[in-house]
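> kindly return the folded structure for what I paste below:
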Amino acid sequence: SIVIPVDLREPAGNYLCTIHLRPCSNTMMQESGGDLLNMESSTPTPSEATPAPAAPKIGHENDGKSKYGFRDVIGYGKKPVIPHWPNKAKVALNFVINYEEGGERCTLHGDDASEHLLSDIPGAVPDVGSRNMNMESMYDYGSRCGFWRLHRLFTAKKLPVTVFAVGMALERNIEACGAMKEAEWEVSSHGYRWLDHSKIDEETEKAYIAKTIEIHQNLLGKRPFGFYQGKPNENTRRLVIEEGGFLYDSDSYADDLPYWTMDYAEGRPHLIIPYTLTENDMRFTTGGWSADEDFANHLKETLRFLVEEGRAGQPKMMTVGLHCRLSRPGRIAALEKFVDFAKSYGRDVWVCTREQVANHWYENHLPRGVGNPIKPSSFAQGTASSFLGNLGQVGSSMYGGGPSMSDPVPAYPTGNTATSYGSGSGGYGNSRTSYGSNTGGSSFSNPASKFSYLGNLTAPRESNTGEDKNPIKAAAQVPDGDII
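The predicted model follows:
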């Protein structure tokens, strides 16, 4: 609701209106009897107005720096790394379904106010101390209807999907968990609650991360290997890395390609796969799109341009963000048009999960100076039995075949998951057929903790013109994804 008190300051017939906009809750509306014009204005007087903050002086300690406070404003620079996607694809295309319904802000969940974000209620604000029944029912639509509409689309098209799943939401819908598992989708962590974590204390956030991992293990038979908080704070990435079992996080919008950071954990690398708020159906709720075709056309133009860049020698990654509660029929009809458009590119577009992208990046794009992954000391020579905890078994080659069993074993989980690649006789992965825990083997915490690093952070850069004449190992081999 918007309060618009009008002050008529000019003679009749020649009006000048001064309009003050103030959000109000349903409770305030009820207390005022719905009389907008007679509600008490909260517009501050000049004496009450908050003074403007002073501008920082010239000479700040970060002036002139390109890397500071975990930021890097240069990145790959003029010549981005060539990703060498499988089968020489020009674009890696990833669909993300955000499963948040049942984990949002709500007084029924012990919160102090109702949810107000990312719904089809224009201008919604939190109702402090009370429920917003309309908002609750819109979120319920996501888990009752929207999820299944998306599930039907992607299973019918036989395309892989990454789910950003809120732990509390998963607990409330076991049937949806079973459908994700049966479809062999990657279920990445979207935290325990769908909340603004910018002000949450470190211990609470750490407990949330541990809780959501436990939920994944109990309901899906495996821990998540990806993490996206959505509304993080400056501690979030450090806590994710310290937990030790994540291959990547996606709390970044900084690039068109995955990239490494070594700003944490004593310089050990951590992979970041950027997400998007642009190729995202959330823009239906923020005024970005009003017609369903706007969504389809934007996605088509984005993919078309990225394919052209890839053909010119600079392949990229594209993510499409989707939300169950926003998945109304007309919007999914538009999404289906984009899916069919993407299929028309054939092998130029690799539809994949984020876990597959992470595995590809670990295998082919370790930071400069790394060399080959160092085999952990607990490995027996000639075996392939390393585990992340007891869940992520590792084969001697991500793609099957490849190096002999005596070669160094990649120190990250790939086997016995929906996106495992190995199929050798050592029991290290039966691709897309099995869930649940592996047993036995040695354990270590961080997938990248056994690497030593030297020199520049960026991956080796090949020539970025023309077709690749000396592809990185396995670039022409197709991992467990769908080339469409």
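> now do the helices in this structure.
Ranges of helices in the chain, per DSSP state H, are 26-31, 133-141, 147-156, 167-171, 174-182, 202-220, 236-243, 292-311, 329-343, 354-364.
> let's have those helices in JSON lines, adding distance to Tyr99.
(Glycine included, C-beta is placed from N, CA and C.) What follows is those, written out as JSON lines (distance: least, CB to CB, whole Å):
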{"stretch": "helix 26-31", "distance to Tyr99": "27"}
{"stretch": "helix 133-141", "distance to Tyr99": "11"}
{"stretch": "helix 147-156", "distance to Tyr99": "7"}
{"stretch": "helix 167-171", "distance to Tyr99": "6"}
{"stretch": "helix 174-182", "distance to Tyr99": "7"}
{"stretch": "helix 202-220", "distance to Tyr99": "12"}
{"stretch": "helix 236-243", "distance to Tyr99": "19"}
{"stretch": "helix 292-311", "distance to Tyr99": "20"}
{"stretch": "helix 329-343", "distance to Tyr99": "16"}
{"stretch": "helix 354-364", "distance to Tyr99": "14"}
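> need the winner for burial among the ones you listed.
Most buried of the helices of the chain, by mean neighbour count (mean count of other CB atoms under 10 Å): helix 354-364, with a mean of 25.
> using CSV, list the CA coordinates for that helix.
Provided in CSV are the C-alpha atoms of helix 354-364 (Å, rounded to 0.1, in the frame of the first residue of the first chain):
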residue,chain,number,x,y,z
ARG,A,354,26.8,-26.4,-12.1
GLU,A,355,28.4,-29.4,-10.6
GLN,A,356,29.4,-30.6,-14.0
VAL,A,357,30.9,-27.2,-14.8
ALA,A,358,32.8,-27.3,-11.5
ASN,A,359,34.2,-30.7,-12.3
HIS,A,360,35.2,-29.5,-15.7
TRP,A,361,36.9,-26.5,-14.2
TYR,A,362,38.8,-28.5,-11.6
GLU,A,363,40.0,-31.0,-14.2
ASN,A,364,41.0,-28.4,-16.9
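> what average pLDDT does it get?
Helix 354-364 comes out with an average pLDDT of 96.
> quick one: the nearest residue to Asp72 once chain neighbours are set aside from Gly75, how far?
Once flanking residues are discounted, Asp72 sits nearest to Ser66: 6.8 Å by CB to CB, 6 or more residues apart in numbering. Separation of Ser66 from Gly75 (CB to CB, to the nearest Å): 9 Å.
> what do you get for Gln229?
For Gln229, the distance to Gly75 - CB to CB - is 21 Å.
> neighbour count: these two, which is higher?
Shown here are Gln229 and Gly75; by other CB atoms under 10 Å, Gln229 has more neighbours (28 against 15).
> about what we covered before: list the contacts of the residue nearest to Asp72.
Asp72, Val73, Ile74 (CB atoms under 8 Å, 6 or more residues apart in numbering).
> ok, and the most crowded of the residues you listed?
Going by other CB under 10 Å, Asp72 tops the contacts of Ser66 with 17 neighbours.
> pull the contacting residues for it.
Ser66, Ala254, Thr261.
> the residues you listed in strands, which ones?
When the contacts of Asp72 are checked against strands (DSSP state E), the matches are Thr261.
> remind me which residues of the stretch 1-150 of the chain are low pLDDT?
Low-confidence segments of the stretch 1-150 of the chain (pLDDT under 70): 1-49, 116-121.
> could you redo the last one with a cut-off of 80?
Scanning the stretch 1-150 of the chain with the threshold set as pLDDT under 80 gives 1-52, 108, 110-127, 133.
> hmm, back to that, which of the contacts of Asp72 sits closest to Ile200?
The closest of these to Ile200 turns out to be Thr261 (CB to CB; 21.8 Å).
> pretty sure the closest one is touching Phe70, no?
Yes - proximity of Thr261 to Phe70 meets the contact threshold set by CB atoms under 8 Å, at 7.3 Å.
> so the two - more neighbours on which side?
Taking other CB under 10 Å, Thr261 and Phe70 do not tie; Thr261 has more neighbours (19 against 11).
> for the more buried one, which residues are in contact?
With the criterion set at CB under 8 Å, 6+ apart, Thr261 makes contact with Phe70, Asp72, Arg237, Pro269, His270, Ile272, Leu457.
> so what's the residue count around the fifth one?
Other residues lying near His270 total 21 when counted by other CB under 10 Å.
> how close does it get to Tyr259?
10 Å.
> let me see the contact set for the nearest residue to Val166 once chain neighbours are set aside.
Distances taken as CB to CB, 6+ apart place Gly103 nearest to Val166, at 3.5 Å, with adjacent residues excluded. The contact partners of Gly103, taken as CB under 8 Å, 6+ apart, are His109, Val166, Gly167, Met168, Ala169, Arg172, Tyr192, Arg193, Trp194.
> among the residues you listed, which one sits closest to Ser327?
Of the contacts of Gly103, the one sitting nearest to Ser327 (CB to CB) turns out to be Ala169, at 14.9 Å.
> the closest one contacts Trp194, correct?
Yes - here Ala169 reaches Trp194: they are 7.2 Å apart, a contact under CB under 8 Å.
> rewinding a little: let's have the contacts of Asp72 in CSV, adding distance to Cys177.
CSV is the format used below for the contacts of Asp72 (distance: CB to CB, whole Å):
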residue, distance to Cys177
Ser66, 44
Ala254, 32
Thr261, 31
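> still on that earlier bit, anything in contact with each of Ala169 and Trp194?
Glu100, Gly103.
> what about Cys106, how many residues nearby?
17.
> roughly how far does it sit from Ala169?
From Cys106 to Ala169 the distance is 11 Å (CB to CB).
> before we move on, what about Glu355?
Where Ala169 is concerned, Glu355 sits at a distance of 20 Å (CB to CB).
> same question, Ala179
Distance, Ala179 to Ala169, by CB to CB: 14 Å.
> OK, contacts around the residue lying closest to Leu219 once chain neighbours are set aside?
Here the nearest residue to Leu219 in space, its sequence neighbours aside, is Cys177; by CB to CB, 6+ apart that works out to 4.7 Å. By CB under 8 Å, 6+ apart, the residues touching Cys177 are Leu170, Leu219, Leu220.
> what's the average pLDDT for stretch 312-323?
Here the average pLDDT along stretch 312-323 is 97.
> and it, what's buried?
Gly313, Gln314, Pro315, Lys316, Met317, Met318, Thr319, Val320, Gly321, Leu322, His323 (16 or more other CB atoms under 10 Å).
> just the ones in strands from those residues, please.
Lys316, Met317, Met318, Thr319, Val320, Gly321, Leu322, His323.
> strands along the stretch 51-200 of the chain, start to end?
Using DSSP state E, counting those that start in this stretch, the strands assigned to the stretch 51-200 of the chain run over residues 67-68, 71-72, 91-99, 162-165, 186-189.
> Asp140: which of those strands is closest?
strand 91-99 (13.3 Å).
> ok, that closest one: who's next to it in the sheet?
strand 162-165 (parallel), strand 316-323 (parallel), strand 349-351 (parallel) (DSSP bridges).
> CA atoms only: put that strand into PDB for me.
Provided in PDB are the C-alpha atoms of strand 91-99 (Å, rounded to 0.1, in the frame of the first residue of the first chain):
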ATOM      1  CA  VAL A  91      28.100 -21.900 -24.500                       C
ATOM      2  CA  ALA A  92      27.500 -23.900 -21.300                       C
ATOM      3  CA  LEU A  93      23.800 -23.400 -20.500                       C
ATOM      4  CA  ASN A  94      22.600 -24.000 -16.900                       C
ATOM      5  CA  PHE A  95      19.000 -23.900 -15.700                       C
ATOM      6  CA  VAL A  96      18.600 -23.200 -12.000                       C
ATOM      7  CA  ILE A  97      15.300 -23.800 -10.200                       C
ATOM      8  CA  ASN A  98      15.200 -21.900  -6.900                       C
ATOM      9  CA  TYR A  99      13.300 -24.100  -4.400                       C
END
